[in-house]
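Engineer: quick check, what structure comes out for this input:
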Amino acid sequence: MIAVLGGLGAALAFSITTLVYARASQLLGPAVVTAWVMLVGLAVALPVALAGGLPDRLRGAVIAWLALAGCGNVAGLVLTNAALRRGQVSVVGPVVSTEGAIAAMIAVIAGEELAASSGAALAVIAVGIVAAGITRSETAVDGSAKPAGLAILAACCFGASLYATARAGDVLPVVWAVLPARLIGAVALAAPLAVSARLRLTRAAVPLVIAGGLAEVAGFVSYTLGARHSVAVAAVIASQFGGISAVLAFLLFGERPRRVQVCGIALIVIGVAVLSALQS
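Structural biologist: From the prediction side, this is the model:
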């Protein structure tokens, strides 16, 4: 049940970040938004991590998992923000949310065992996620890469990051599992942008990047806690953020999902309810 609750908390947090990125990317651009979100998250996570001191097991393979988690998270965010700048939340969100299915697949291949009933429920959720991401074939406004294509690349990066975060979170305090992405984002994105005087921030974007940074940290903390009990379950449940984002985008932005997307969201809800009952 903890894996389900951790995944649900992550789904809610990630749905907030998706909506925030959709608006902030229009104001600042994908790289700048990601940089500011990482800086906000770093300001929250770094003092907590340092207060607890360096973990004894922070070495070798654990450092490699942290590096993969951080790089995958930052790359996924840049790609997601680029997709949201060109496409609708109701399209990009559900496609990116297939990250959970990717992480779950990696976990199962790596040897995580699942009961047949739980596996069937996860399969229903995965089908729902894919259906929710089906969209018309449309090119971007500027003629560049399609938003769905960027979202697929983001999902692959996020999937690898989720699995690596779970592996690191098994042996490290939770805050250390979420810290690498913030550090990498600050060094690889924020610092070069600041040096080139491109790390701009408008008054309208301030509450958006703060909300995004806080929600990012909260989402990964929740996911990491859930993944300690089951990576596959927590990852797939966290993927609900795509469906939640699509619904919120309809309510807040007037974006209308297709009928197949609505059916996909319904499958997600049913699958999560069944999985929650099985895990309780």
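Engineer: burial of residue 193, as a residue count?
Structural biologist: Residues near residue 193, counting by other CB atoms under 10 Å, number 18. From N, CA and C alone the C-beta is placed, and that goes for glycine too.
Engineer: counting neighbours, what do you get for residue 181?
Structural biologist: Look at residue 181: counted by other CB under 10 Å, it has 30 neighbours.
Engineer: mind checking how far it is from residue 76?
Structural biologist: Here the criterion is CB to CB, to the nearest Å. By it, residue 181 lies 9 Å from residue 76.
Engineer: overlap of the contact sets of the two?
Structural biologist: Residues touching both residue 181 and residue 76 (CB atoms under 8 Å, 6 or more residues apart in numbering) are residue 161.
Engineer: shaky segments in the protein?
Structural biologist: 90, 114, 129-130, 132-145, 253, 255-257, 265, 268-269, 272-273, 275-280 (pLDDT under 70).
Engineer: which stretches of it form helices?
Structural biologist: 2-28, 30-51, 61-86, 89-96, 99-109, 116-132, 147-169, 174-185, 191-195, 206-227, 231-238, 241-253, 259-279 (DSSP state H).
Engineer: for the fifth one, packing partners?
Structural biologist: Meaning helix 99-109. Counting contacts by 3 or more CB pairs under 8 Å, 6 or more residues apart in numbering; DSSP states H and E, helix 99-109 packs against helix 116-132, helix 147-169, helix 231-238.
Engineer: got the angle for the first one vs helix 89-96?
Structural biologist: It refers to helix 116-132. Our comparison of helix 116-132 with helix 89-96, counting by axes from the mean of the first three to the mean of the last three CA atoms, to 10 degrees, yields an angle of 140 degrees.
Engineer: how about the CA coordinates for helix 116-132, as PDB?
Structural biologist: Extracted in PDB, the C-alpha atoms of helix 116-132 (Å, rounded to 0.1, in the frame of the first residue of the first chain):
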ATOM      1  CA  ALA A 116       0.100 -12.000 -11.400                       C
ATOM      2  CA  SER A 117      -2.900  -9.900 -10.200                       C
ATOM      3  CA  SER A 118      -0.800  -6.900  -9.600                       C
ATOM      4  CA  GLY A 119       0.900  -7.300 -12.900                       C
ATOM      5  CA  ALA A 120      -2.500  -7.400 -14.700                       C
ATOM      6  CA  ALA A 121      -3.600  -4.300 -12.900                       C
ATOM      7  CA  LEU A 122      -0.400  -2.500 -13.900                       C
ATOM      8  CA  ALA A 123      -0.900  -3.700 -17.500                       C
ATOM      9  CA  VAL A 124      -4.400  -2.100 -17.500                       C
ATOM     10  CA  ILE A 125      -2.900   1.200 -16.200                       C
ATOM     11  CA  ALA A 126      -0.200   1.100 -18.800                       C
ATOM     12  CA  VAL A 127      -2.800   0.600 -21.600                       C
ATOM     13  CA  GLY A 128      -4.700   3.500 -20.200                       C
ATOM     14  CA  ILE A 129      -1.600   5.700 -20.200                       C
ATOM     15  CA  VAL A 130      -0.900   4.900 -23.800                       C
ATOM     16  CA  ALA A 131      -4.500   5.500 -24.800                       C
ATOM     17  CA  ALA A 132      -4.500   8.800 -23.000                       C
END
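Engineer: dump the residue contacts of residue 7.
Structural biologist: The contact partners of residue 7, taken as CB under 8 Å, 6+ apart, are 100, 222, 223, 226, 233, 234, 235, 236, 237, 238, 240.
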